[in-house]
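>>> Need a 3D model of the following:
(one chain, ligands or ions: 2)
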Amino acid sequence: MVETTSAKPKAATRQISIEGSATPAHVVQVLGTDSVTLGHGMTTHIARQIIQIQPSSAYLIGTDTNIAPLHLEQLQNALVAALAEIGSTARVHAYVIPPGETTKTRETKAMIEDWMLENKLTRDSCILALGGGVIGDLFGFVAATFMRGVPVFQIPTTLLAMVDSSIGGKTAIDTPAGKNLIGAFHQPRHIFMDLAYLRTLPRREFVNGMAEVIKTAAIWNEDDFTLLENGAEEILGLSADNSSSSDSKRKSEHDLQLLIQVVLGSIQVKAHVVTVDEKETGLRGLLNYGHTVGHAIEAILTPELLHGECVAMGMVREAEIARHLGYVNDVVIGRIVRVLQAYGLPVSTEDKKVLQLAPGKHCSVDQLLDIMRVDKKNQGDKKRMVMLSGIGSTYEPKASFISDNVIRKILSPAMEVEAVEKSGAVKEVKISVPGSKSISNRALVLAALGSGVCRLEGLLHSDDVQVMLDSLQKLVGIKYTWEDNGDTLVVEGGAGKLQVPHSEIYLGNAGTAARFLTTVCCLVRAGEGKITTVTGNSRMKQRPIGPLVDALSSNGCDLAYLESQGCLPLAIKPTGLKGGHVKLSASISSQYVSSILLSAPYATNPVTLELVGDAVVSKPYIDMTISMMKSFGIHATQDASNENIYHIPQGVYTNPKEYLIEADASSATYPLAYAAITGTKVTVTNIGANSMQGDAEFAVKVLRPMGCTVEQTATQTTVQGPARLAPIPSIDMETMTDAFLTASVLAACASTGVAGEKGVTKIHGISNQRVKECNRIAAMVEQLAKFGVHANELPDGIEIHGVAGDPKSALKTPEGGVFCYDDHRVAMSFSLLACARGSGSKSVILEKKCVEKTWPAWWDALENILGGKVHGVDLTGHGAAGYKSSK
Ligand SMILES: O=C(O)C1=C[C@@H](OP(=O)(O)O)[C@@H](O)[C@H](O)C1
Ligand SMILES: C=C(OP(=O)(O)O)C(=O)O
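Numbers count the residues shown, from 1 in each chain. Ligands and ions are numbered 1, 2, ... in the order given. Reported below is the predicted structural model:
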């Protein structure tokens, strides 16, 4: 592997002062000469420089009808004045075309050329491309071929054109076969980037350019990437139509310096890369990160979606391909996704924004692969794309060859899982599972509320944690940095300082984040008249939060339901939490209890929390909360005479220097169950009896009674599956509710060993699983039936009638595929049942992406570590009606 990371070079740069501008400009070298001037308010300078660098008989400004009314006259006047200053009689012309990619054609090029010929422009003329990427590419290409080539100056007016297309001399037009397929390398004489132009750039266009800035940082420089991660709100505030920033604020020196830092960092990389590899024989190909998939998406979604938006989606997919190939881990994907989302860029073609902007358009995998066939980076029929090896580094110093099979697997919405063939000797597989969702989200709340710096090691990188990180950034204003290639997150706590966020707190379908942060939002005191909106996805808007809201309201907090009673979204006023005696009903979710516990130290008075009503569920999670609060310096205690009463002292969490997050015991149930269901041996190397998670007992309490050989040490768990799984007549899984789905698919394969007799397993204590990511009990009954397994609901659980005899012959093909109800645990559990089917059989698991809630790399782990076989399938298009998504 070629490490391209350490202190990678950027192009040489010097500062100059510009007449009439208070801000010094930066001059960047490309191909050994001063080629880019980046400054603010430089029209006069630009005009004088152009006529000095390139004395000509005529100057033709090429622009479009969007830019012309804003900037053309000013530039024309400046040129005329500059020419007059030196007594030149050179002509100044303008050619204005309609805006947009659709004009970047052979026809427009011919029209411009004919006009130039008619107007007697000669070889000593010069073209000035004033506009975005289309103008730069098109007028650049006109310049490349007019009279065998005339000089061109690039004057980009969009962020995208500044950081990307204006540098490097690529010029082109589009043809029906694809974008930029006909063109030439024609280096500009100079590129003038006047940041004042960005003041008129709409926010969406600004964000469009940020996609390329993010891309460049991702392949080249982690520090630049960190700046983008932490500065999203501020950087977005620099866009023109940002309502919260007035014109005067935008023009402030600090903002301008930040903008210069962001743009300069990016163009220095591009300038360096172009200098090393002008004609793109290797290194320059790295700038195409995200573009192989991105261009294919763009070909379908243009003009509704912009180039940067498509590249953003491409970056995520290409990073996922790198993860599948083992080059990067979840941390990298998490950071890429989070930073793109922070700037409002779409990260998947299923993104709400994409569906709104391009309704009715669909990117089928076959179509995407087909479009990729004409990518310029391809060698013959071999596709190439840029593989990251970390943030700021790439696997090769050029684009890598990737097989269609791999691309299909990552792009497909569904996964086909092959049955696992039993081989003779059992070999042991070792696997470490990702960090605990529950512990990650608690640790983040604690560290953000605490004082001092905390290094969180082993954090989970998944959707649920992502929404927590984003929200804390907004609520507490904390900044993060990553160490050890992203394995450690360094959080500087706010010591209880909180603010009403500028935008809504969106928590997807993360129960922990939604519940924990509802109380944190009540803690906010400053910001009278302002409101925090807490919301989630459509399922989260159905999941109950009423008991928590009731408890907080009775304590003087002001929360209002914005849609349905008892559910998100909520409007929360910054009242602070009064404290004292708080009564709470916790029979639906223990997360309500953890929520109040976590925030209680910051109440005005010490909190006594009394749990009332029916029995409390998921008690191990409450113990986990108390134990973690202790690690952060606050000792909550259970009342000596009433175990339903907790006393929480006031205080501020003291951040431990380091906090190690346990691996996820619920996730560990899947590889362990894989051993159980396939009769193989699996060791989960990072979950053992020492864990504070209830689900860590799954192996001992569920797998062992089912006939597995289980060895559990303090830190790891090994399971050897039996020849036949035995049913468990009755088991209470109240302390490990999330693991009941895993147990259910095992129970489906369990039999008594008596011919023709079905083994029945009854799971109790899990009734609140009806209000999780979906109604999980109903979901299991429905989907098990597709495999020919009968199950029925119990008031507090599920009864499963295992197939009599060998599951290999008894389990049927789940016709229409397994619906996952957008529930990660349904998807992971049924992917195991698919492994247990007869030789050669294949089962389709729809909505494969839902695993990203807690284990984004599950499919990679199933195939690359456990030894399962999976294939990407895209059932949309043919027979799609049968595959309705539950979303
Ligand atoms: O506090 C936590 O981290 C969790 C508590 C449990 O929820 P309930 O208390 O609602 O059962 C569990 O299902 C969830 O995945 C995580
Ligand atoms: C129920 C779950 O999640 P949450 O309640 O945190 O959304 C889960 O992970 O299974």
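>>> What is the burial count for the residue of the stretch 401-550 of the chain found nearest ligand 2?
Residue nearest to ligand 2 within the stretch 401-550 of the chain (C-beta to the nearest ligand atom): Gly511, separated by 2.4 Å. Just so you know, the C-beta spots here come from the backbone N, C-alpha and C atoms, and that holds for glycine as well. Per other C-beta atoms under 10 Å, the neighbour tally for Gly511 reads 23.
>>> Isn't it up against Lys772?
Yes: taking contacts as C-beta atoms under 8 Å, Gly511 lies within contact range of Lys772: 7.3 Å.
>>> all helices of the stretch 351-500 of the chain, in order?
Applying DSSP state H, counting those that start in this stretch to the stretch 351-500 of the chain gives helices spanning 352-357, 365-372, 404-411, 437-449, 463-476.
>>> which helices and strands sit right next to the longest helix seen in the chain?
The residue-count maximum for a helix in the chain (DSSP state H) belongs to helix 253-276. Contacts defined by 3 or more C-beta pairs under 8 Å, 6 or more residues apart in numbering; DSSP states H and E place helix 253-276 against strand 25-30, strand 33-39, helix 203-220, helix 222-230, helix 232-236.
>>> got the contact list for the residue in the stretch 101-250 of the chain positioned nearest to ligand 2?
Among all residues of the stretch 101-250 of the chain, Glu229 sits closest to ligand 2, at 24.4 Å; criterion: C-beta to the nearest ligand atom. Applying C-beta atoms under 8 Å, 6 or more residues apart in numbering, one finds that Glu229 lies in contact with Arg335, Arg338, Val339, Ala342, Tyr480.
>>> can the residues you listed go into a markdown table with extra columns for neighbour count, pLDDT and distance to ligand 2?
Converted to a markdown table, the contacts of Glu229 look like this (neighbours: other C-beta atoms under 10 Å; pLDDT from 0 to 100; distance: C-beta to the nearest ligand atom, whole Å):
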| residue | neighbour count | pLDDT | distance to ligand 2 |
| --- | --- | --- | --- |
| Arg335 | 25 | 94 | 22 |
| Arg338 | 20 | 92 | 19 |
| Val339 | 24 | 95 | 24 |
| Ala342 | 22 | 90 | 22 |
| Tyr480 | 20 | 83 | 22 |
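>>> between the residues you listed, which is closest to Leu287?
Among those, Val339 lies closest to Leu287 (C-beta to C-beta), at 17.8 Å.
>>> how distant is the helix or strand hosting that closest one from the center of its chain?
Assigned by DSSP states H and E, Val339 belongs to helix 330-342. Centroid displacement of helix 330-342 relative to its chain, using C-alpha atoms, centre = their mean, to the nearest Å, is 4 Å.
>>> Stretch 20-33 too?
35 Å.
>>> what's in contact with it?
Contacts of stretch 20-33 (C-beta under 8 Å, 6+ apart): 11-18, 34-42, 44-45, 167-168, 187, 253, 256, 260, 264, 267-268, 271, 274-275, 278.
>>> Buried ones among those residues?
Among the contacts of stretch 20-33, the ones that count as buried by 16 or more other C-beta atoms under 10 Å are 11, 13, 18, 35-42, 44-45, 167-168, 187, 256, 260, 264, 267-268, 271, 274-275, 278.
>>> is it true that Arg408 touches Gly872?
Yes: applying C-beta under 8 Å as the test, Arg408 and Gly872 come out as touching, 4.3 Å apart.
>>> Quick check: pLDDT value at the residue of the stretch 401-550 of the chain closest to ligand 2.
pLDDT for Gly511: 98.
>>> which non-adjacent residue is nearest it?
Closest residue to Gly511 apart from its sequence neighbours, by C-beta to C-beta, 6 or more residues apart in numbering: Gln591 at 5.6 Å.
>>> Give me the distance between the one you found and ligand 1.
As judged by C-beta to the nearest ligand atom, to the nearest Å, Gln591 and ligand 1 stand 5 Å apart.
>>> With Thr171 instead?
With C-beta to the nearest ligand atom as the criterion, Thr171 and ligand 1 are 54 Å apart.
>>> what do you get for Leu130?
Leu130 is 55 Å from ligand 1, by C-beta to the nearest ligand atom.
>>> quick check, that residue in a strand?
Yes: assessed with DSSP: H, G, I helix; E, B strand; the rest coil, Leu130 lies in a strand.
>>> what is Leu609 paired to in the beta sheet?
Beta bridges link Leu609 to Val582, Tyr646, judged by DSSP bridges.
>>> check contacts around it.
Leu609 makes contact with Val582, Leu584, Val593, Ile596, Leu597, Ala600, Ile645, Tyr646, His647, Ile648 under the criterion C-beta under 8 Å, 6+ apart.
>>> of these, closest to Gly707?
Closest to Gly707, out of all of the contacts of Leu609 and judged by C-beta to C-beta, is Val593, at 35.9 Å.
>>> quick one: contacts of the helix or strand where that closest one lies?
In the assignment (DSSP H and E), Val593 maps to helix 591-599. Residues outside helix 591-599 that contact it (C-beta under 8 Å, 6+ apart): 442, 445-446, 449, 511-512, 515-520, 522-523, 545, 547-548, 551-552, 577, 582, 584-586, 607, 609, 611, 616, 618, 621-622, 624-626, 629, 636, 646, 648.
>>> Can you tell me how far Ile687 is from ligand 2?
Noted for Ile687: a distance of 16 Å to ligand 2, by C-beta to the nearest ligand atom.
>>> which phi and psi does that residue have?
phi -140, psi 130 (degrees, to the nearest 10).
>>> List the residues that contact it.
So Ile687 contacts Val433, Glu662, Ala663, Asp664, Ala665, Ala668, Gln693, Ala696, Thr715, Gln716, Thr717 (C-beta under 8 Å, 6+ apart).
>>> Turn those into JSON lines, including neighbour count.
Formatted as JSON lines, the contacts of Ile687 follow (neighbours: other C-beta atoms under 10 Å):
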{"residue": "Val433", "neighbour count": "25"}
{"residue": "Glu662", "neighbour count": "23"}
{"residue": "Ala663", "neighbour count": "24"}
{"residue": "Asp664", "neighbour count": "29"}
{"residue": "Ala665", "neighbour count": "30"}
{"residue": "Ala668", "neighbour count": "32"}
{"residue": "Gln693", "neighbour count": "25"}
{"residue": "Ala696", "neighbour count": "28"}
{"residue": "Thr715", "neighbour count": "15"}
{"residue": "Gln716", "neighbour count": "19"}
{"residue": "Thr717", "neighbour count": "28"}
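>>> I'd like those laid out as TSV, including pLDDT, distance to Tyr506 and secondary structure.
Compiled in TSV, the contacts of Ile687 are given as follows (pLDDT from 0 to 100; distance: C-beta to C-beta, whole Å; DSSP: H, G, I helix; E, B strand; the rest coil):
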residue	pLDDT	distance to Tyr506	secondary structure
Val433	98	27	coil
Glu662	98	27	coil
Ala663	98	27	strand
Asp664	98	23	coil
Ala665	98	27	helix
Ala668	98	29	helix
Gln693	98	27	coil
Ala696	98	31	helix
Thr715	98	36	coil
Gln716	98	37	coil
Thr717	98	36	strand
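>>> Good, wrapping up.
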